[in-house]
Every structure is written in structure tokens, then in C-alpha cells.
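> just coords:
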Ligand SMILES: [Zn+2]
């Protein structure tokens, strides 16, 4: 079974008319851009799938099991050195904890312990803060079944240093 994907208008595929050289060149650049965009989106989707599978579709912070609410978070951001979309650079996190991790409300030590930012531990508020954030402090990250899928300690170390710096 096969299928064909068109990523741009057809004229971009045959840029050989001299009269249309400029138009064609523009189209070629645009096609290259669209192609790389599509590639990166396909890439992202497979990163999410691979990370969620490794963690058996659970949030590694709170253990929530609803796939629709789960993301694959990067430990080292996409685009940075060591920011590749590999499982060891990922954490399966629910939407809330993805934001908590990205915004440095909590960090993860290289020994897989979740640390909540100090000022948040002093705050008083409703159940989301109390159970959803403060309750994570000192908890151990839920790890993938296979050790080869575990988050990379060097990447965690690098990210944790940034978390400490931000706090
Ligand atoms: Zn969660």
C-alpha cells in the first residue's frame, strides 16, 4: 500500500522554463521550506509516539493515564545542542505538568527526583497547587520499563542546572 503526499503546488516541481525562472526559484525555495516543515512535523509526531509508548502512556510526574492529555516534553529544547527528538531526551508529561516543567515550576534531578520551586512550596492555594504541584516535591519520576529508554542523566543535569538558575 502506498500514498503520495503533495507538499506544494505542482509548478514548483518542474522549475525549468527560463521565462519563469524567478517564479520557479521562489517556488523551489518555498517547496524546500514546506518540505522541511512537513518533515519536522512528522518527526515530532513520531517523537511523541515513541516517548508515550516508552512510559506506557502515563505522566511521569503524576501517573495520569489519559493519552489525549499527554505530551512528549523535551528535556533539552528542540534546536539546542543535545536537543534531538530521542526518547532519552523526552519525558511523558500531562498537559499541566508539561507546562510546569517547561516554565521551571519544577525540575528533575539527575537521580530522577522531582523538585518543586521553593517559593511555590510556601504558597497556599487550592487542590491544583497542593496536590498537583506541591505534592510532587521529593517524588521519584515514573521511569520507562526499559532502561535504554530512561531519561539521560547528563541532559537532566544540564536542565536541572537551568532550573536552579531560574529559581
Ligand atoms: Zn501529570
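Perfect, thanks for sending it. None of these values were measured; they are calculated from a predicted model.
> quick one, helices of this protein?
Remark: helices assigned in the chain by DSSP state H are 21-54, 95-102, 118-122, 127, 153-166.
> Buried residues, the second one. List them.
Residues of helix 95-102 classed as buried by neighbour count (16 or more other C-beta atoms under 10 Å): 96, 97, 98, 100, 101. To be clear about C-beta, it is placed using only N, CA and C from the backbone, and glycine gets the same treatment.
> closest to the ion among these?
Closest approach to the ion among these (C-beta to the ion): residue 97, at 3.6 Å.
> Quick check: that closest one vs residue 25, distance?
Distance check for residue 97 against residue 25: by C-beta to C-beta, to the nearest Å, it reads 46 Å.
> what does residue 88 give?
Distance, residue 88 to residue 25, by C-beta to C-beta: 41 Å.
> Tell me which of the two has more neighbours.
Comparing residue 88 with residue 25 by neighbour count (other C-beta atoms under 10 Å), the higher total belongs to residue 88, at 19 against 12.
> if I read this right, the more buried one contacts residue 152, doesn't it?
Yes. Counting by C-beta atoms under 8 Å, residue 152 is a contact partner of residue 88 at 4.1 Å.
> re earlier: any chance of the buried residues of helix 95-102 in CSV, with distance to the ion too?
Formatted as CSV, the buried residues of helix 95-102 follow (distance: C-beta to the ion, whole Å):
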residue, distance to the ion
96, 6
97, 4
98, 8
100, 8
101, 9
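> from those, which two are the most distant?
Across the buried residues of helix 95-102, no pair lies farther apart than 96 and 101, at 9.8 Å, counting by C-beta to C-beta.
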